[in-house]
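S.K.: based on what follows, work out the 3D shape:
(chains A and B)
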Amino acid sequence: MIAEIGAFAAALALALSLVQGGFGLFFANSEARAAVAAATAQAAAVCCALAFACLITLFVQSDFSVAVVAANSHVDKPLIYKIAGAWGNHEGSMLLWCFVSALFGAIFGGMRGKQSLGLWSRTIGVQGLVTAGALIYALFLSNPFARFDPAPMMGNGLNPLLQDPALAAHPPLLYLGYVGMSVPFSLALAALLEGRVDQAWARALRPWTLIAWTCLTLGIGLGSYWAYYELGWGGWWFWDPVENASFMPWLVAAALVHSAIVTERRGSLASWTILLAIMGFGLALLGTFLVRSGVLTSVHAFAVDPKRGIAVLVMVGVALGAGFGLYAWRAPKLAQPSGFAAVSRESMLVWNNFGLAVAAGVVLIGTIYPLLVEAMGGGLISVGPPFFNATVAPLLAMLFVLLPLGPMLTWRVGDMRAALLKLAPAAVLAIITLVGALFATHWRAAPALGLMLGVWLVAGGLIYLWTRLQRGAGRLPAKIVMLPLAVWSMSFAHIGAGVLTLGAVAETAFRTERAVALAPGEGVAFAGRRVTLIEVGNTEGPNYSATRANFRVDQANGSNTLSAERRFFSTSPMPTTEVGILSGFDGDLYIALGEEVRGGEGQWTVRLYHNPLVHFIFIGVVLMAIGGALSLVALGRRRSAAP
Amino acid sequence: MSLVALFIAAAAPAAMGDPAQQARAQSLELEIRCVQCENEPISQSTAEIAADMRALVRERIAAGDSDEEIRAFFRRRYGDFVLFRPPFDARTWALWAAPLLLGGAGLVAILAGRRRRSAAAVDFVPEEGER
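M.R.: Reported below is the predicted structural model:
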């Protein structure tokens, strides 16, 4: 019964979002009818919420007569993972996609602000069609409420690797990010249909881009953190196509966050901002296609069951076709941009967009190139970390060289000499880092340059904060409190990028690893510490049994104990690893337990890793996300303060 | 069983003793793709074949092969698929040229856009958050 209610609610939401699309797009000159579109958007969101609540209820009740629940849940699973199971699978995650899209449409409809009727109404309309497209897919090609006969007794379980808090939160955050890009897309299409943009339009664009970017930052960061502590090989980013699928929209969202500022404040770059908004949503859809169609495993795997993949591809085609078509037709008519000098805040933001957009393009080409070669009969090739490290890293490095200059320059015409003088201490620190790192690493240029850039970003960000604090009169504590949130948000995000760079470079270039066989009581020297295996025993968890090894780590400042586990789930043939991590100021000592050595005398294989400064990566991600969130708050305040 | 092979194979270089060779082996193992797994380098794969391939890398290093020779060796044996660093040839030139092509197109667009814009008089714009 609940499944049928859910399916009915989703079907009703589809009808409502089509009405929303029609009214929003075709009656954009009538206040009353545009209000109907906004109200329908809210009704559609309620229906989608009901449908999604039904799906969660089915998971909580373990109703295995529903196919998705039977395939992805298990009676023994802890409640929180039963709930997370609702979005931890293809069908459920698509329903979540619909829900978020409808919700964003409803919120946008409820917050008109100073937007002109035409732009506001048409944006609601396009958003309605986006929701409708997603619902058509969810209902007809991946129905989460389909029944299953005969119903199994226990369910087929969730992959035990995925039974993890970080991974329970990872998909909703990514989807908030992906679908968040749909609102800028709707705004862009509305602007093209209307044939104009204004300041209120750009102002409406910014919070949605920030929501998308912040959620993508957190979602990607959580996924990466999960890979780090769960997969048991000490890595955090592998340029996997699935990772790239979320990284591309992140790069474009980051570019859009910056270009929208220029469009709002100066009216420049309007058509570029529109193009970015279209590409950002296109890449989010393409990411969904790449991850969901099976095309990544091989073109042939995709060809075996192409129905869903082709449907998503059609959606990508319709969205990008409509977007680029309208763009080619209407963008030339948009208002002429106002000018700015080659040295100015605007020009720095143009270079920011150049770097981020080219990086996104390179990631896109690298990700789909093997598919293209295979499809054209060129055989199988792989494009992996060596390619991306050699291409994307230098691009981002060039971007980072310029980054601290941006905030130091004024709009319209900037004074490069004054900016460089103020940034001189940061430059000196960065060069000292470069020289020191070159000496310490025996002239390894790449990591030394990376560390230099990280220091340059952090120090440059701090100097910007300092120069802002020196303005005006009053005592320092008072000025710290009075400093605009927008300054804080920018500083957090930029310093976060620097901290992340330091961690990423140090971890990638200086990590050490070692595999050893240890019997209880035996120890080994590793990374300036001594690691001793104390004992190995068995423990029981709620739905798994585990082999647990306890270790003692002796280092200069005392000794610690930590444990690593291998967990065996009755529902899965492969054991999972729970690594032991000892975090110190200089990084993590990371221990993964292997199997008992056959024919050995009670020895166990143990993999040891030292990941220097790895926590900087995750701190950097959190700082960037805080920057995004603060910027949202700043925009919200300005909105409520405006008359 | 496969894990034992993995750990023994991975433990072997400890006996090699030379940290430079060890570093070379580790970085090569990150570039060579496990032929049986889904998108994993042999360095992190738990498959038996990956352990064999790791042992092979270390064998070639001990035999004095250069990195390039080892890549060519694996390519002959398993095909282009095994290299995460795609070779530069008729099929992949567009891939390797992509950063230059995209960057060049971007530069042209930026410079063309600059020329179109008029350099109007300077007007004051307040800083973010100052109004």
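
S.K.: need the pLDDT of the spatially closest residue to residue A:248 that is not a sequence neighbour.
M.R.: In space, and not counting its chain neighbours, residue A:248 is closest to residue A:283: 4.5 Å by CB to CB, 6 or more residues apart in numbering or on different chains. For glycine as for every other residue, the C-beta is placed from the backbone atoms N, C-alpha and C. What the model reports for residue A:283 is a pLDDT of 94.

S.K.: now residue A:283: which helix or strand?
M.R.: In this structure, residue A:283 is located in helix A:270-293 according to DSSP states H and E.

S.K.: for chain B, which helix is longest?
M.R.: When chain B is scanned for its longest helix (criterion: DSSP state H), the result is helix B:93-116.

S.K.: so how far is it from its chain's centroid?
M.R.: Helix B:93-116 has its C-alpha centroid displaced from the chain centroid by 24 Å (CA atoms, centre = their mean, to the nearest Å).

S.K.: then stretch A:212-222?
M.R.: Relative to its chain's centre, stretch A:212-222 lies at 3 Å (CA atoms, centre = their mean).

S.K.: could I have the CA atoms of that stretch written out in CSV?
M.R.: What follows is stretch A:212-222, C-alpha atoms only, in CSV (Å, rounded to 0.1, in the frame of the first residue of the first chain):
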residue,chain,number,x,y,z
ALA,A,212,25.7,23.7,-5.2
TRP,A,213,29.4,24.4,-4.8
THR,A,214,29.4,24.0,-1.0
CYS,A,215,27.5,20.7,-1.1
LEU,A,216,29.7,19.4,-3.9
THR,A,217,32.8,20.4,-1.9
LEU,A,218,31.5,18.5,1.2
GLY,A,219,30.2,15.6,-0.8
ILE,A,220,33.5,15.1,-2.7
GLY,A,221,35.5,15.6,0.5
LEU,A,222,33.4,13.0,2.4
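
S.K.: residues contacting the closest residue to residue A:123 other than its chain neighbours?
M.R.: Closest residue to residue A:123 apart from its sequence neighbours, by CB to CB, 6+ apart: residue A:190 at 4.1 Å. By CB atoms under 8 Å, 6 or more residues apart in numbering or on different chains, the contact set of residue A:190 is A:118, A:119, A:120, A:121, A:122, A:123, A:125, A:126.

S.K.: which residue ranges form the strands in the chain?
M.R.: No chain specified, so I'll use chain A. Secondary structure of chain A (DSSP state E): strands at A:512-518, A:523-526, A:529-540, A:544-555, A:558-569, A:576-578, A:580-584, A:587-596, A:604-612.

S.K.: columns mean pLDDT on top of those strands, output as a markdown table?
M.R.: Shown next, in a markdown table, are the strands of chain A (pLDDT from 0 to 100):
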| stretch | mean pLDDT |
| --- | --- |
| strand A:512-518 | 87 |
| strand A:523-526 | 92 |
| strand A:529-540 | 92 |
| strand A:544-555 | 92 |
| strand A:558-569 | 89 |
| strand A:576-578 | 84 |
| strand A:580-584 | 90 |
| strand A:587-596 | 88 |
| strand A:604-612 | 90 |
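
S.K.: can I get the ones you listed in TSV with distance to chain B and mean neighbour count?
M.R.: Shown next, in TSV, are these (distance: least, CB to the nearest CB, whole Å; neighbours: other CB atoms under 10 Å in any protein chain shown):
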stretch	distance to chain B	mean neighbour count
strand A:512-518	4	20
strand A:523-526	9	16
strand A:529-540	14	15
strand A:544-555	12	18
strand A:558-569	9	17
strand A:576-578	10	20
strand A:580-584	17	18
strand A:587-596	5	23
strand A:604-612	3	23
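
S.K.: got those as TSV, with distance to residue A:314 columns?
M.R.: Shown next, in TSV, are the strands of chain A (distance: least, CB to CB, whole Å):
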stretch	distance to residue A:314
strand A:512-518	45
strand A:523-526	54
strand A:529-540	49
strand A:544-555	42
strand A:558-569	38
strand A:576-578	37
strand A:580-584	45
strand A:587-596	43
strand A:604-612	43
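
S.K.: to residue A:5, which of these lies closest?
M.R.: Residue A:5 lies closest, by CB to CB, to one member of the strands of chain A: strand A:558-569, at 32.6 Å.

S.K.: which regions of the chain sit below the pLDDT cut-off?
M.R.: Picked chain A for this. For chain A, the stretches with pLDDT under 70 are A:157-159, A:161, A:294, A:297-305, A:335-338, A:571, A:641-643.

S.K.: let's do chain B instead
M.R.: By pLDDT under 70, the low-scoring segments of chain B are B:1-17, B:116-131.

S.K.: could you pull out the helices for it?
M.R.: Ranges of helices within chain B are B:2-16, B:19-31, B:48-62, B:67-78, B:93-116, based on DSSP H.

S.K.: TSV please, covering these and showing distance to chain A.
M.R.: Shown next, in TSV, are those (distance: least, CB to the nearest CB, whole Å):
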stretch	distance to chain A
helix B:2-16	3
helix B:19-31	5
helix B:48-62	10
helix B:67-78	10
helix B:93-116	4
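
S.K.: redo the ones you listed as CSV? Include mean neighbour count.
M.R.: Shown next, in CSV, are the helices of chain B (neighbours: other CB atoms under 10 Å in any protein chain shown):
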stretch, mean neighbour count
helix B:2-16, 18
helix B:19-31, 17
helix B:48-62, 19
helix B:67-78, 15
helix B:93-116, 14
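
S.K.: looking at the ones you listed, which is closest to residue A:31?
M.R.: Taking CB to CB, helix B:93-116 is the member of those nearest to residue A:31, at 37.5 Å.

S.K.: biggest separation within the contacts of residue A:190, which pair?
M.R.: Distances among the contacts of residue A:190 were taken as CB to CB; the most separated pair is A:118 and A:126, at 12.4 Å.

S.K.: who has more neighbours out of the two?
M.R.: With neighbours defined as other CB atoms under 10 Å in any protein chain shown, residue A:118 and residue A:126 compare such that residue A:126 has more, 27 against 17.
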